[in-house]
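Engineer: What would the 3D arrangement of this be:
(one chain, ligands or ions: 2)
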Amino acid sequence: MKLVLATNNKGKVRELSEMLVSYGIKVLSLNDFPQVGDIEEDGKTFKENAVKKATVTAGLTGLTALADDSGLEVDYLDGAPGVYSARFAGTEKSDSANNEKLLNLLAGLPPYKRTARFQCVIAIARPGGSVHTVQGTCEGVIAGEPRGDMGFGYDPLFYLPEYGKTFAEIDLPLKNKISHRGKALAQALEYLSELSNKEINRG
Ligand SMILES: O=c1nc[nH]c2c1ncn2[C@H]1C[C@H](O)[C@@H](COP(=O)(O)OP(=O)(O)OP(=O)(O)O)O1
Ligand SMILES: [Mg+2]
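Structural biologist: Ligands and ions are numbered 1, 2, ... in the order given. So this is what the prediction gives:
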């Protein structure tokens, strides 16, 4: 089975590919399809954005497309940055500027008030028009300073009390096991295996 990842985020591509390839799925990226330009993320929810990115990509490539819309919800900020996580500090989408803005907004706040969660909605769209969505969540605490250099985005600030580490301090297989994206993708893989079984049975 062939799947095109409807994302321009290299960190997501790395994490999604690692799991998909181990299931024998052939993974293509938007680099292979320049005709899919920038897709405006104008939805109010992760689900709306994921569905849009997957549907547009499936339509323009003629292949099954998988999109991920994700973000960080910080309780003290009433769920911000949420769907605006990528553009938190401006439209140029800088991870370091986003992290700095988040740290400044939480300056002096004790750990028990720094609770947060990552959300991920994965949408799988087929060229015929059908779309399936799944979601995953991962709870954590916003650290007082960045730690670690693995991962991407807000990983250096996303601290997991059970592990005593941030997402940027754990390796990719462990992150995929416990992360919002890994949990959503596990369900997406179940759906994909049902799809490919159906296709095989249809001959
Ligand atoms: O595991 C994660 N570890 C750290 N940060 C993360 C993670 N998962 C999402 N995030 C952050 C990155 C970005 O600030 C926003 C996603 O925004 P989102 O629009 O879904 O992705 P994006 O614009 O980077 O790429 P694209 O839309 O092409 O898939 O949440
Ligand atoms: Mg985006």
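
Engineer: Show me what from the protein comes close to ligand 1.
Structural biologist: 7-9, 12, 41, 68-72, 85-86, 98, 118, 151-155, 167, 179, 181 (Cβ under 6 Å from any ligand atom). For glycine as for every other residue, the C-beta is placed from the backbone atoms N, C-alpha and C.

Engineer: Out of those, which end up buried?
Structural biologist: 7, 9, 12, 41, 68-72, 85-86, 98, 118, 151, 153-155, 167, 179, 181 (16 or more other Cβ atoms under 10 Å).

Engineer: Alpha carbons of the helix or strand of the chain with the lowest mean pLDDT, in CSV - could you do that?
Structural biologist: Ranked by mean pLDDT, DSSP states H and E, the weakest helix or strand in the chain is helix 180-202, scoring a mean of 91. What follows is helix 180-202 as a C-alpha-only set of coordinates in CSV (Å, rounded to 0.1, in the frame of the first residue of the first chain):
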residue,chain,number,x,y,z
HIS,A,180,-0.2,12.0,20.9
ARG,A,181,0.9,11.3,17.3
GLY,A,182,2.0,7.7,18.1
LYS,A,183,-1.4,7.0,19.8
ALA,A,184,-3.3,8.4,16.8
LEU,A,185,-1.2,6.6,14.3
ALA,A,186,-1.7,3.3,16.0
GLN,A,187,-5.4,3.7,15.4
ALA,A,188,-4.8,4.9,11.9
LEU,A,189,-2.8,1.8,11.2
GLU,A,190,-5.7,-0.4,12.2
TYR,A,191,-7.9,1.5,9.8
LEU,A,192,-5.3,1.1,7.0
SER,A,193,-5.0,-2.6,7.5
GLU,A,194,-8.8,-2.9,7.3
LEU,A,195,-8.7,-0.9,4.1
SER,A,196,-6.0,-3.0,2.5
ASN,A,197,-7.7,-6.2,3.5
LYS,A,198,-10.9,-5.0,1.7
GLU,A,199,-8.9,-4.2,-1.4
ILE,A,200,-7.3,-7.6,-1.4
ASN,A,201,-10.6,-9.3,-1.0
ARG,A,202,-12.1,-7.3,-3.8
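
Engineer: which residues sit against it?
Structural biologist: Around helix 180-202, the neighbours that count as contacts under Cβ atoms under 8 Å, 6 or more residues apart in numbering are 1, 3, 12, 15-16, 19-20, 23, 25, 64, 66, 68, 70, 117-122, 124, 126, 132, 134-138, 175-176.

Engineer: now do stretch 4-11
Structural biologist: Residues from elsewhere that reach stretch 4-11 (Cβ under 8 Å, 6+ apart): 12-13, 16-17, 27-30, 32-33, 36, 38-39, 53-54, 56-58, 61, 63-68, 151-153.

Engineer: Where do the strands of this protein begin and end?
Structural biologist: For the chain, the strands defined by DSSP state E cover 2-5, 26-29, 65-74, 115-125, 131-142, 158-160, 165-166.

Engineer: Packed most tightly, which of those strands would that be?
Structural biologist: Mean neighbours per residue, mean count of other Cβ atoms under 10 Å, is largest over the strands of the chain for strand 65-74, with a mean of 25.
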